[in-house]
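In: any chance you could fold what I've pasted below:
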Amino acid sequence: MSLELDLQLASAASGLPDAAALRGWAEAALAAADFTDPAEMSVRIVDEAESAELNEGYRQKSGPTNVLSFPFELPPGVKLERELLGDLVVCAPVVAREATEQGKPLGAHWAHMIVHGTLHLLGYDHLDDAEAATMEGLEVRILAGLDIPNPYGDDEAP
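Out: Numbers count the residues shown, from 1 in each chain. From the prediction side, this is the model:
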């Protein structure tokens, strides 16, 4: 599998992961989901104002959020060399605040957000208990493979 990652930095935050780390976390999610085709995705790192605007506009929820996923839908009958997965928008200040509040290393929380968002781009969701158990279990396994503890805090996968 080859992943082309388009990184867009639209945040003044410090301590941001580099493109290689972001790509590695996304590739780990793709591999665990048995996705092997050449693919492309964008990761846009933003501040709270842009995250809040997008969250309101697309989810009708006020305020910024940690990660937003925008899966790409290819028009019927169109084929591309590389599958376009979509875009992730990650709010750096929210991720940093959550890591501090949850007592997690910042890099581990970034990894979780990229894995979580990438799985959304692949169609995973957590709208009901069964979906949440599947998605969260996969996240826990992916992160364990990256030597990152269970982000949900329990000793076992959901």
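
In: any idea of the mean pLDDT in stretch 35-43?
Out: The average of the pLDDT scores along stretch 35-43 is 94.

In: show me what counts as buried in that stretch.
Out: Of the residues in stretch 35-43, those buried by neighbour count under the rule 16 or more other Cβ atoms under 10 Å are 35, 39-43. In this view, the C-beta of every residue, glycine as well, is placed from N, C-alpha and C.

In: how close does the closest residue to L80 other than its chain neighbours get to L127?
Out: In space, not counting the residues next to it along the chain, L80 is nearest to L74; the distance is 7.0 Å by Cβ to Cβ, 6 or more residues apart in numbering. Computed as Cβ to Cβ, to the nearest Å, the L74 to L127 distance reads 23 Å.

In: could you do L143 as well?
Out: To L127, L143 is 21 Å away according to Cβ to Cβ.

In: which one of these two is surrounded by more residues?
Out: Neighbour count, other Cβ atoms under 10 Å: between L143 and L127, L143 has more, with 24 against 8.

In: what's the helix or strand for the more buried one?
Out: When secondary structure is defined by DSSP states H and E, L143 falls within helix 129-145.

In: mean confidence for that helix?
Out: According to the model, helix 129-145 has a mean pLDDT of 94.

In: dump it to PDB, restricted to CA.
Out: Extracted in PDB, the C-alpha atoms of helix 129-145 (Å, rounded to 0.1, in the frame of the first residue of the first chain):
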ATOM      1  CA  ASP A 129     -23.200   0.400  20.400                       C
ATOM      2  CA  ALA A 130     -22.300  -2.300  17.900                       C
ATOM      3  CA  GLU A 131     -20.600   0.100  15.500                       C
ATOM      4  CA  ALA A 132     -18.700   1.700  18.400                       C
ATOM      5  CA  ALA A 133     -17.500  -1.600  19.800                       C
ATOM      6  CA  THR A 134     -16.200  -2.600  16.300                       C
ATOM      7  CA  MET A 135     -14.500   0.700  15.600                       C
ATOM      8  CA  GLU A 136     -13.100   1.200  19.100                       C
ATOM      9  CA  GLY A 137     -11.800  -2.300  19.200                       C
ATOM     10  CA  LEU A 138     -10.000  -1.800  15.900                       C
ATOM     11  CA  GLU A 139      -8.500   1.600  17.200                       C
ATOM     12  CA  VAL A 140      -7.200  -0.100  20.400                       C
ATOM     13  CA  ARG A 141      -5.500  -2.900  18.300                       C
ATOM     14  CA  ILE A 142      -4.000  -0.400  15.900                       C
ATOM     15  CA  LEU A 143      -2.700   1.800  18.700                       C
ATOM     16  CA  ALA A 144      -1.300  -1.200  20.600                       C
ATOM     17  CA  GLY A 145       0.700  -2.000  17.400                       C
END
